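*Asks:* Give me a model of this one.
(2 chains)
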Protein chains: 2
Amino acid sequence: MSKQNIYDNEVFFESFKDNRSKDVNFNDCIETPIILSMLPDLHGKKILDIGCGMGQHAKQYSDMGAESVLGIDISENMLKYAKENNSADNISYKRMAMEDIETIDQKFDLITSSLVFDYIEDFEGLMVKIHTLLKEEGKFVFSMSHPIATSWDGVYDRYTRTETGERLYANLRNYNKEGLRKVKWAVDGYECYHRTVATIINALIKAGFTLEECRESNISDDMREKYPDVFGGTIHRPDFIFFRCRKGK
Amino acid sequence: MSKQNIYDNEVFFESFKDNRSKDVNFNDCIETPIILSMLPDLHGKKILDIGCGMGQHAKQYSDMGAESVLGIDISENMLKYAKENNSADNISYKRMAMEDIETIDQKFDLITSSLVFDYIEDFEGLMVKIHTLLKEEGKFVFSMSHPIATSWDGVYDRYTRTETGERLYANLRNYNKEGLRKVKWAVDGYECYHRTVATIINALIKAGFTLEECRESNISDDMREKYPDVFGGTIHRPDFIFFRCRKGK
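*Replies:* Presented below is the predicted three-dimensional model:
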């Protein structure tokens, strides 16, 4: 798979935007609180946000005191929305595939990324490029879909359900089989890469990072009760995995 | 749960010994090759093996050139077997619960442990004790049951099966719910603790370790074909997780 730009697929983008525009969604309610809690103090920091999408995180980082934020994304749709809705004097948005970040001619105190590494074929290579773009002691904080979630290959049933259709179990079958997954999510043929926990960790270490923290998302009982249509059910499985690393020992 | 000593339960021990005495078992065919491949050069190294069991690993480490190996285990049954079958001049076996290792009055170049941390209630505390027992730059290499495997709580069905009884999916339901698991394995009421990947990683980092490598076990297609009764089936799930860490930055 080459550089994926499914967010410029109009059907996918409209479905995605529609989903994100709801007050209660996985990005805002599950991913964002965790990644924000893992960030260092942003005051005076030069930040690169890889796969900035609609710019919500870039805007938050700017509001939290960052010196500057550069948001890159491959999707024109996303960047148009970001510029219109999440701009600030110290935020720049630039169209660029994450595969091309070695062309960026500056170094950063912090590199962030939310849920876009699922789309990269050469994860190990990307980790090296990110390491290169950081200043010494710089931090790298990111999330991606959890390997337990990406292990589903789109062929077998994702869930075992009760006769009335409620999810009983997440069906695990192919965790150890890494590679491209073509599944149905908003559109047919949505593509992402499945990697194991060990593959992710070893790529970070091999690139030169020191691991500082790992988190896995969880949906609280409170959230399940409050928004049963979005977060309900009895399966307690992490949707996202997060790491904070630093450059250097 | 206090210090668990299920290996001195005669029913469990006989079942375990019987299983381990088979040439083809998970410990020898899946766990051992991975942990051996993660070890540093053992020549001149003082090694502590926590939960040494029947002493197979201690004997291997001695044969691989270790200066000395101290094997500790809580089970008299295990240590009796170890002394009778896996002794050497530079191996000592000592009866001790892993909770009590802070009473050991020496420092080690390498601390190892295979599949026994499943039984510790205070995992975080144990990691601190292990860190203390290591020399600076000392290594710590261990395996434990994989969180995907320990997440099963013994209440719901572990697998979804075909009508003819073959395993179709591992049923995942409670990964995010950590804690004591009482399940049926050889005896009723076998107890172990389920911890998530993030909990394991963060305990290592908090204790002062630097992560060097993570591995997850896999059963090769070759092994599945060769020993279908032991390793057969179409579920590709890791049974064990492994880490190599070092003391210091």
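*Asks:* Could you show which parts of chain A are in contact with chain B?
*Replies:* A:148, A:156, A:160, A:168-177, A:196-198, A:201-202, A:205, A:210-216, A:218-219, A:234-238, A:241, A:249 (C-beta under 8 Å from any C-beta of the partner chain). Heads up, the C-betas are built off the backbone N, CA and C, glycines and all.
*Asks:* So which residue of chain A lies furthest out from the middle?
*Replies:* Using C-alpha atoms, centre = their mean, the residue of chain A lying farthest from its centre is A:Glu163. It sits 34.0 Å away.
*Asks:* Contacts only, for it.
*Replies:* Contacts for A:Glu163 (C-beta atoms under 8 Å, 6 or more residues apart in numbering or on different chains) come out as none.
*Asks:* Pretty sure it sits in a helix.
*Replies:* No. Looking at A:Glu163 with DSSP: H, G, I helix; E, B strand; the rest coil, it is coil, so not inside a helix.
*Asks:* so how far is A:Ile72 from it?
*Replies:* 48 Å (C-beta to C-beta, to the nearest Å).
*Asks:* How about the residue nearest to the spatial centre of chain A: what's its closest non-neighbour residue?
*Replies:* Central residue of chain A (C-alpha atoms, centre = their mean): A:Leu115, 1.2 Å from the mean position. Counting by C-beta to C-beta, 6 or more residues apart in numbering or on different chains, A:Leu115 lies nearest to A:Ser143, which is 5.6 Å off, once chain neighbours are set aside.
*Asks:* And the pLDDT at the residue farthest from the centre of chain A?
*Replies:* We have a pLDDT of 91 for A:Glu163.
*Asks:* Now that the residue nearest to the centre of chain A has come up, it's in contact with A:Met144, right?
*Replies:* Yes. Using C-beta atoms under 8 Å, A:Leu115 makes contact with A:Met144 at a distance of 6.2 Å.
*Asks:* which residues are common contacts for the two?
*Replies:* What both A:Leu115 and A:Met144 touch, as defined by C-beta under 8 Å, 6+ apart, is the set A:Phe240.
*Asks:* Counting by contacts, list what the helix or strand hosting the residue nearest to A:Leu115 packs against.
*Replies:* Following DSSP states H and E, one finds A:Ser143 within strand A:134-145. If contacts are counted by 3 or more C-beta pairs under 8 Å, 6 or more residues apart in numbering or on different chains; DSSP states H and E, strand A:134-145 sits against helix A:32-38, strand A:108-114, strand A:240-247.
*Asks:* and with 6 Å instead?
*Replies:* strand A:108-114, strand A:240-247 (3 or more C-beta pairs under 6 Å, 6 or more residues apart in numbering or on different chains; DSSP states H and E).
*Asks:* contacting residues around the next helix or strand along the chain from that strand?
*Replies:* Using DSSP H and E, the helix or strand that follows strand A:134-145 in sequence is helix A:147-150. Residues outside helix A:147-150 that contact it (C-beta atoms under 6 Å, 6 or more residues apart in numbering or on different chains): A:His194, A:Thr196, A:Val197, A:Arg237, A:Asp239.
*Asks:* Of those residues, which is the most crowded?
*Replies:* When neighbours are counted by other C-beta atoms under 10 Å in any protein chain shown, A:Val197 leads the contacts of helix A:147-150 with 25 neighbours.
*Asks:* how about that residue, what does it touch?
*Replies:* Contacts of A:Val197 (C-beta under 6 Å, 6+ apart): A:Pro147, B:Val197.
*Asks:* Start and end of stretch A:224-243, how far apart?
*Replies:* From its first residue to its last, stretch A:224-243 covers 25 Å (C-alpha to C-alpha, to the nearest Å).
*Asks:* And for stretch A:18-28?
*Replies:* Stretch A:18-28 end-to-end distance (C-alpha to C-alpha) = 13 Å.
*Asks:* cool, stretch A:204-211 as well?
*Replies:* Taking C-alpha to C-alpha as the criterion, the two ends of stretch A:204-211 lie 8 Å apart.
*Asks:* May I see the buried residues of it?
*Replies:* By 16 or more other C-beta atoms under 10 Å in any protein chain shown, the buried positions in stretch A:204-211 come out as A:Leu204, A:Ile205, A:Ala207, A:Gly208, A:Phe209, A:Thr210, A:Leu211.
*Asks:* State the distance from the residue farthest from the centre of chain A to chain B.
*Replies:* Going from A:Glu163 to chain B by C-beta to the nearest C-beta, to the nearest Å gives 15 Å.
*Asks:* Quick check on that residue: phi, psi?
*Replies:* phi -60, psi -30 (degrees, to the nearest 10).
*Asks:* Chain A: helices as residue ranges?
*Replies:* A:10-21, A:26, A:32-38, A:56-63, A:76-85, A:123-133, A:147-150, A:197-207, A:221-226, A:228-231 (DSSP state H).
*Asks:* Is A:Ala66 in contact with A:Leu48, as I believe?
*Replies:* No. Counting by C-beta atoms under 6 Å, A:Ala66 does not reach A:Leu48; the two are 10.6 Å apart.
*Asks:* out of these two, which sits in the busier spot?
*Replies:* Neighbour tally, A:Ala66 and A:Leu48, criterion other C-beta under 10 Å: the higher count belongs to A:Leu48, 27 against 24.
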